[in-house]
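**Q** No sequence on hand, only this structure:
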């Protein structure tokens with residue numbers, strides 16, 4: 001039995017109609033993936049970040065001293081899990097903090 005080109009074209013059309021686009025073997029025939037783009041910027045947070053802090057006061061103090069702060073006051077772990085106190089930065093007294101990620105931050109007093 002001989003199949004003519006018309007039968008072959010018809011069979012190919014039926015196969016393509018029944019086959020999901022993702023299962024086709026020719027990637028050039030597949031539709032491109034469309035992704036949505038948003039105009040919103042990623043949310044960035046600035047330290048100190050609230051969270052469950054596992055540092056001890058001594059570790060937080062060493063972290064501050066390693067960043068160049070001197071005369072670090074006793075530190076208090078607040079309700080947000082941030083170690084807070086004061087220290088000297090050069091000749092200026094500043095408020096310092098160490099968050100749960102170990103981020104050190106300072107603000108003028």
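**A** Right, received. Where do you want to start? Computed from a prediction, not measured in an experiment: that's the story for all the values here.
**Q** Just the pLDDT for residue 108.
**A** Per-residue pLDDT puts residue 108 at 91.
**Q** wait, what's in contact with it?
**A** 92, 94-95 (C-beta atoms under 8 Å, 6 or more residues apart in numbering). No exception for glycine: its C-beta is placed from N, CA and C like everyone else's.
**Q** now do residue 98
**A** Contacts for residue 98 (C-beta under 8 Å, 6+ apart) come out as 48, 53, 55, 60, 63-64, 75, 82-83, 104.
**Q** likewise residue 97?
**A** 47-48, 82-85, 104-106.
**Q** cool, residue 106 as well?
**A** Counting by C-beta under 8 Å, 6+ apart, residue 106 has contacts 69, 87, 89, 94-97.
**Q** Inside strands: which ones of those?
**A** When DSSP state E is applied, these are split such that 87, 89, 94-97 fall in strands.
**Q** okay, among the residues you listed, which ones form the most distant pair?
**A** Maximum pairwise distance in those, criterion C-beta to C-beta, is 13.1 Å, between 89 and 97.
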